[in-house]
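Chemist: Next one to model:
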Amino acid sequence: MILQYKNKKYKLEATKDDDNFNFFNISIDNKDCDLKIQKKDDTYFIYKDGHYKEVHIAKDNKHIYVLIDSFQYVFDLINSENFYSVGINNNSDKFEKIISPMPGSIVSVLVNENDVVEIGTPLIIIEAMKMETKLYSSINGKISKIYCKNGEQVDSVQTLVEISSEI
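Modeler: Numbers count the residues shown, from 1 in each chain. Just a heads-up that it's a prediction; the model follows:
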């Protein structure tokens, strides 16, 4: 699979170790790096220099969403062959669905339907395991539908907000 983030291309290749855990070896702009992602059951771990962190990953047909330490990275999906699907939303060029990267509780919905937002506008605060995470708009547009409310429990890869790029 090939992803792009901030003009750098990331290539992930799936392999298996002796314990049958899935590993993704990563190269950045065709240079190997010492970073690996491991999938155990439905949980992902990122390894670097002998240390690891649990990460949450969700996917739609245009992006991979990675949540690490309360920050969400949105990678453009260039080539998705051999990727282990963790949730798919049908996005088009006319709208974007913001999905929950993990199960949790909605702390606050920061926007209303018909609000105009830009890339990077905070949309929702979600809490999981006593940690709050803000989810941001990944496109410029107008909030066309909000699928959640304050205090609601949500599942991973559940659609929370839909943004229309047509203003």
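
Chemist: so how far is stretch 142-158 off the chain centroid?
Modeler: In this view, stretch 142-158 has its centroid 15 Å away from the chain centroid, taken as Cα atoms, centre = their mean, to the nearest Å.

Chemist: try stretch 125-141
Modeler: Its chain's average C-alpha position is 10 Å from that of stretch 125-141, according to Cα atoms, centre = their mean.

Chemist: now do stretch 54-67
Modeler: Chain-centre distance of stretch 54-67: 3 Å, with Cα atoms, centre = their mean.

Chemist: same thing with stretch 151-167?
Modeler: Stretch 151-167 has its average C-alpha position 12 Å from the chain's average C-alpha position, going by Cα atoms, centre = their mean.

Chemist: cool, and stretch 103-120?
Modeler: Here the centre of stretch 103-120 is set off from its chain's centre by 16 Å, with Cα atoms, centre = their mean.

Chemist: Number the chain from 57, please
Modeler: Noted, 57 is the first residue going forward, which turns the last one into stretch 159-176.

Chemist: Quickly list the domain ranges of the protein.
Modeler: Taking automatic domain parsing as the domain assignment, the ranges for the chain are 58-135, 151-220.

Chemist: which residues touch Leu166?
Modeler: Applying Cβ atoms under 8 Å, 6 or more residues apart in numbering to Leu166 gives the contacts Pro178, Leu179, Ile180, Ile181. Heads up, the C-betas are built off the backbone N, CA and C, glycines and all.
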